[in-house]
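Visitor: pasting the sequence and the predicted coordinates here, then a few questions.
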Amino acid sequence: MRSFTTFEIQYAHRFLGFQGEAQYLHGHTGVLTLEVEDTINTGVNMVYPCNEIKKIAWEVIQNFDHALILRDDDPLLPAILSVYEEQGIRGGTTTNKQRGPAFKTELAAAYPESRIVVTRETMTVEGMIRIVYELLKDKLNIAKITFTSGVNGSVEEYIPGAEKERCPLCGIELDENGVCSKCGYRK
Ligand SMILES: [Zn+2]
Ligand SMILES: [Zn+2]
């Protein structure tokens, strides 16, 4: 069976060199849906607690929220960084609280202190799905990712990994020693 949870992400981007209005900087509300697959866990009667999916995924995904997402060769990138520098906000401010840990993969790098994500390719709905899968595939048994941006959307399905042994008391994955990091249960 599958559990799923959704996230809302406000972001700005543009399609560099694209012939159309999308080559201008603009913003969207994106909705990301993550589906996680496993067996129903006896005891808690859940595939995976949705609030735990949310916690694990949001740690990474919050870096895309209220962020500017630009391709690594976009000349807007150095221009914007220099304005942020002049304003003294490039390295962060006390009001920039919603920050996940920085990340860097083949496809994207997050600079949470300045709310910028730099991508290797143009950030489309398809691109977002690839980036998110790359970031979360080792943390969750992902079966499907859907991303919509306004009325546009894209979806990809995956073959989930092997079943994970989970805590019978709270449903989260047990660590390599059979211990639950949340409630302390031991196998
Ligand atoms: Zn757009
Ligand atoms: Zn537990």
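Guide: Noted; the coordinates are in hand. Ligands and ions are numbered 1, 2, ... in the order given.
Visitor: quick one, helices of the protein?
Guide: 50-61, 76-87, 125-136 (DSSP state H).
Visitor: in JSON lines: those helices, plus mean pLDDT.
Guide: Listed next are the helices of the chain as JSON lines, based on pLDDT from 0 to 100:
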{"stretch": "helix 50-61", "mean pLDDT": "92"}
{"stretch": "helix 76-87", "mean pLDDT": "97"}
{"stretch": "helix 125-136", "mean pLDDT": "97"}
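Visitor: so which residues of the chain form strands?
Guide: 2-13, 26-37, 67-71, 108-111, 116-119, 142-149, 152-157 (DSSP state E).
Visitor: okay, the ones you listed in TSV with distance to Gly100, mean neighbour count and mean pLDDT next?
Guide: Any C-beta I mention is one placed from the backbone N, CA and C, and that applies to glycine too. Shown next, in TSV, are the strands of the chain (distance: least, Cβ to Cβ, whole Å; neighbours: other Cβ atoms under 10 Å; pLDDT from 0 to 100):
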stretch	distance to Gly100	mean neighbour count	mean pLDDT
strand 2-13	12	17	95
strand 26-37	14	18	96
strand 67-71	10	22	98
strand 108-111	7	22	97
strand 116-119	11	20	98
strand 142-149	18	21	97
strand 152-157	22	14	96
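Visitor: quick one: closest of these to Glu163.
Guide: strand 26-37 (9.2 Å; Cβ to Cβ).
Visitor: from the chain's centroid, how far away is that closest one?
Guide: 8 Å (Cα atoms, centre = their mean, to the nearest Å).
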